[in-house]
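Trainee: no FASTA, just this:
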């Protein structure tokens, strides 16, 4: 039986090195926050010992296993833009057997890449993948205030009240939703720019006004635009795009 780590049986040398969740993120397992949950779930062992608490540090000589599979830091960092089709889950796996976006990039990239942020299953468009934990933490943190731009097509015309309420801010079921900007492209097409992008934010606001979404496509994440990238295709970010996203880091972010 594997031993569970406690304060009394942690090795002394574990006070050096890097935090386990950082090691996992740098190994392309998931974002740092997601790695913390993976550790709490008891899926990680260090030198044969299950670790479930935060703060454990590891050294290059330690043997790290995730679900009994050895984990090593990625030597090459990857930054990938995927044009996610509708019908794919923004996840590395799904216990219900639904198609996941990560499967679309596995044949092209040998590194373990994970998505930064999410698009709901029925939305399409820009989704970023990386194996760089620091990059993921910067881009995925609300303090970076990175714009996300969407094109929405609806089943009926958009009313002025909807656009005005979304831009000024509206509270629905104790959650506050506010777009940075909205622009009517036609009677049934709308451009929306968000900053934080809460879960299903655009859909929830439109549904509140009785508008059914026919299609929702994210066309831009900060300086990274889909352009003419075909649906289901991917490309590496340019050095300029990576630098621009790194520049969003807030020094006072907790």
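Mentor: Looks like it came in fine. Not measured: the values here are computed from a predicted model.

Trainee: Tell me the helices and strands packed up against the longest strand seen in the chain.
Mentor: Longest strand in the chain, counting residues (DSSP state E): strand 213-221. Here strand 213-221 touches strand 124-130, strand 148-154, helix 201-208, going by 3 or more C-beta pairs under 8 Å, 6 or more residues apart in numbering; DSSP states H and E. From N, CA and C alone the C-beta is placed, and that goes for glycine too.

Trainee: Partner strands of the first one and their direction?
Mentor: The one in question is strand 124-130. strand 79-84 (antiparallel), strand 114-116 (antiparallel), strand 213-221 (parallel) (DSSP bridges).

Trainee: Quick check on the residue nearest to residue 90 when sequence neighbours are not counted: phi, psi?
Mentor: In space, and not counting its chain neighbours, residue 90 is closest to residue 118: 3.9 Å by C-beta to C-beta, 6 or more residues apart in numbering. The phi and psi values for residue 118, taken as degrees, to the nearest 10, are phi -140, psi 160.

Trainee: got the end-to-end distance for stretch 154-166?
Mentor: 16 Å (C-alpha to C-alpha, to the nearest Å).

Trainee: For that stretch, buried residues please.
Mentor: For stretch 154-166, a neighbour-count test (16 or more other C-beta atoms under 10 Å) marks 154, 158, 162, 163, 165, 166 as buried.

Trainee: before we move on, what about stretch 41-50?
Mentor: By neighbour count on 16+ other C-beta under 10 Å, the buried set for stretch 41-50 is 43, 44, 45, 46, 47, 49, 50.

Trainee: tell me the mean pLDDT for that stretch?
Mentor: Taken as a whole, stretch 41-50 carries a mean pLDDT of 93.
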